[in-house]
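Trainee: give me coordinates for this.
(2 chains)
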Amino acid sequence: MAAKQNGNKGKHMALKRRTAILAALAAAATVLILLWKPTVINNGLQQAGLYAAIAIPMGLVLGIVHIVNLAHGEFMMVAAYATYFACKALGMDPLFAVLPAAAVTALLGWVVFRLTIQRALKAPELNQLILTFGIAIALTQVVNILFTSQTYKIPLEYVSASIDIGENTFPVWSYVFVATAILYAVGLRLFLTRTTAGKAAVAVGQNPRGAAIVGIDVNRSYGLVFALALALVGAMGALFLTKSAIFPQVGSPYTMKSFCLVAMAGIGNIPGILGASVLLGLSEQLLRAFRETRAWADIVFFVLIIAVILGRSVSWRRKK
Amino acid sequence: MNRNIARAVAAVVAAVAVALPAFAGAYPLQVARNVMMYMALAITWDMLLRSGQISFGIAGLFGLGAYAAILGVVRGGMPVWLSIPFAAVVAAAAAFLLGFLILRLRAMYFSIVTLALAEMFRIVIHNLHDFTGGPEGIVMPAGVIFGGNAAALYWLTLAGLAVALAASWWFEKSRIRFALTAIGNNEISASSSGVNIFRWLLVAFTVTSGIQGLLGGIYVQSYGFATPDGVFSADFTLLPLAMALLGGMHGTVGPVLGAVLLGLVSEWLKLKIPYGHLIVYGIIIIIVILFMPAGILGLARKMSRGAEGGKS
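Mentor: Numbers count the residues shown, from 1 in each chain, chains lettered A, B, ... in the order given. Here you go, the predicted structure:
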């Protein structure tokens, strides 16, 4: 028995050493790429910011409500459409719509949560998965019926802002996503550790029955966290519109990518999402940088998700 | 008594299904082919579900089979008739090998990995321009199988459906059923009763994937071309899933019932709302999960039991 424990300890140490070696290799690779293809780092970081800012709210929902929301990216798509038509009607800039978009999406999320997801909280996990999958289809198709599959875009001048360093031109607008992601991570940390509602939410996430016994309204906490997460996604919808054209399916890749990043970071580990996003963003941009590998950039993410899930399943079994 | 009635009904339905081309025109036959294709996929999805494993990767194996069939003919010089069983073998082999990796996963992790694998298949086929024709797809030089004869194409799809039905029936009647049900109910008690969980999951995954590949082969030969976005379309995952959910899971009858209902409704809606007729699937999934998790069949059983209970 003792020998076995020692063996486990040894394995654990080996695992730690391996992680350190991997981190060192990653740092070395980053420096090499920086010297060799500086645009990859620039684009990769911006892409990582976009991924992280969308994935963090999903991590929040998964960590506290314990629901994989397969309609996550679709809510962002709905927010982007709402922003587009509001901006067209009022002639305003999408940046002014960030807060209203957050409010509207939070309200929509709260209603959807109350009407559907809350009823399925006690159902088997797979029913919840299929339910949010159904919500995703319904949202996409409602937008498809209302606005067809035509793409919409608001042309903005400041989006093409760039800085010249040496002979390279670096577009910088998308650093707004990086800032948002960091803001989300820090803000959520403060919310969850400093405010009463946040502490209650953490308690509910850890043990809903225990939280109910000490007098926390569990369903209210769930609804609040879900609405908060959707507010963050809604704000991202407005920001997303500054940069990209939108169409009904624009959100669905982000659902999968967000889930992948949350799974990579480990559930409940919001700063980890930032690291995972950098890994995904950089590797995608690295493949995009060469003509021969450009078409394979999309596959990186699927390879990562499968590797992460399989790797985690192995380590889970070891723990057992 | 009851069983005899059920058998008689099944025999009549089968006879009508086989004889349909004698009295139906080209359009009803086309609709029937669509419904049967999705019905067969819904049955195979349900067969694996009986063990508690939910696959989101039907489109992946379907598309893999489709490309195996068309590439077997175009690149491998295979006779057209052989390409359809070849599609089944390729999909089954792929599932068998992947099964060693992914059948250790449970619940949502299995679902997400199957979805990711389906996307990977699509991207690989999309990117191997020289071999697969890339995003524009690939065309059968000889055209559609049977020269496009509507009745023959109908019987071909019917044969695919018959394979799925036979496999599902075999799963229900043989001891696989006990193994899968035991795994689905409680894995720990199943394995302590001596059920080799991994082996039975591998059998179920390989067989259902093989049939999905077979259906892909039939599909591609009945249209004479394949594009990555066409044969890996999310519809091939989504529609069968919604059909089995609506009809009632864990059996052969539920998916069949669901496929007939949803297939006909969607065919009608396609004419009414060309953009976004899929919304019906989203709404049906939501309603079924929330209000009738056992599907129409479960609801009917509950009602008939309630009626009997009321009498006594």
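
Trainee: tell me, how many residues neighbour residue 226?
Mentor: No chain in the question, so chain A it is. 25 (other Cβ atoms under 10 Å in any protein chain shown). Bear in mind the C-beta positions are built from the backbone N, C-alpha and C, glycine included.

Trainee: wait, chain B was what I had in mind.
Mentor: Neighbours around B:Ala226, by other Cβ under 10 Å: 26.

Trainee: run through the residues that contact it.
Mentor: The contact partners of B:Ala226, taken as Cβ atoms under 8 Å, 6 or more residues apart in numbering or on different chains, are B:63, B:66-67, B:70, B:137-138, B:220.

Trainee: mind doing that once more with 6 Å?
Mentor: B:66-67, B:70, B:137-138, B:220 (Cβ atoms under 6 Å, 6 or more residues apart in numbering or on different chains).

Trainee: measure the residue nearest the centre of chain A to B:Trp200 for me?
Mentor: Centroid-nearest residue in chain A, with Cα atoms, centre = their mean: A:Ala55, separated by 0.8 Å. Distance of A:Ala55 to B:Trp200, computed by Cβ to Cβ, to the nearest Å: 36 Å.

Trainee: now swap in A:Gln285 and tell me
Mentor: Distance from A:Gln285 to B:Trp200, by Cβ to Cβ: 44 Å.

Trainee: grab the nearest non-local neighbour of A:Val159.
Mentor: The spatial neighbour of A:Val159 that comes closest, neighbours along the chain excluded (Cβ to Cβ, 6 or more residues apart in numbering or on different chains), is A:Trp173 at 4.8 Å.

Trainee: list the buried residues in stretch A:236-249.
Mentor: Buried residues in stretch A:236-249, defined by neighbour count with 16 or more other Cβ atoms under 10 Å in any protein chain shown: A:236-243, A:246-248.

Trainee: please read the previous query as pertaining to stretch B:227-236.
Mentor: Neighbour count says stretch B:227-236 has B:227-228, B:230-236 buried, by 16+ other Cβ under 10 Å.

Trainee: could you dump those to a markdown table with secondary structure, pLDDT and distance to chain A?
Mentor: Shown next, in a markdown table, are the buried residues of stretch B:227-236 (DSSP: H, G, I helix; E, B strand; the rest coil; pLDDT from 0 to 100; distance: Cβ to the nearest Cβ, whole Å):
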| residue | secondary structure | pLDDT | distance to chain A |
| --- | --- | --- | --- |
| B:Thr227 | coil | 87 | 16 |
| B:Pro228 | helix | 86 | 12 |
| B:Gly230 | helix | 83 | 16 |
| B:Val231 | helix | 87 | 18 |
| B:Phe232 | coil | 86 | 13 |
| B:Ser233 | coil | 83 | 12 |
| B:Ala234 | coil | 80 | 9 |
| B:Asp235 | helix | 80 | 11 |
| B:Phe236 | helix | 85 | 14 |
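
Trainee: export the residues you listed to a markdown table and tack on distance to B:Gly276?
Mentor: Listed next are these as a markdown table, based on distance: Cβ to Cβ, whole Å:
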| residue | distance to B:Gly276 |
| --- | --- |
| B:Thr227 | 22 |
| B:Pro228 | 23 |
| B:Gly230 | 19 |
| B:Val231 | 22 |
| B:Phe232 | 21 |
| B:Ser233 | 15 |
| B:Ala234 | 14 |
| B:Asp235 | 13 |
| B:Phe236 | 18 |
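
Trainee: contacts only, for B:Asn114.
Mentor: Slight slip there: residue B:114 is Thr, not Asn. Here B:Thr114 is in contact with B:55-57 (Cβ under 6 Å, 6+ apart).

Trainee: which one among those gets closest to A:Ala185?
Mentor: Nearest to A:Ala185 among those, counting by Cβ to Cβ, is B:Phe56 at 29.6 Å.

Trainee: checking that closest one next. Helix, strand or coil?
Mentor: Three-state call for B:Phe56 (DSSP: H, G, I helix; E, B strand; the rest coil): coil.

Trainee: next one: A:Ile216
Mentor: coil.

Trainee: how far off centre is the helix or strand hosting B:Ala8?
Mentor: For B:Ala8, the host element (DSSP states H and E) is helix B:2-23. From the chain centre to the centre of helix B:2-23 is a distance of 21 Å (Cα atoms, centre = their mean, to the nearest Å).

Trainee: what's the first helix or strand after the helix or strand bottoming out on mean pLDDT in chain A?
Mentor: Across the helices and strands of chain A, mean confidence by mean pLDDT, DSSP states H and E is lowest for helix A:2-36: a mean of 64. Remark: after helix A:2-36, the chain's next helix or strand is helix A:38-64, criterion DSSP H and E.

Trainee: around chain A, pick out the residues from chain B.
Mentor: B:54, B:104-105, B:107-109, B:113, B:116, B:119-120, B:123, B:127, B:275-276, B:278-279, B:281-283, B:285-286, B:289-290 (Cβ under 6 Å from any Cβ of the partner chain).
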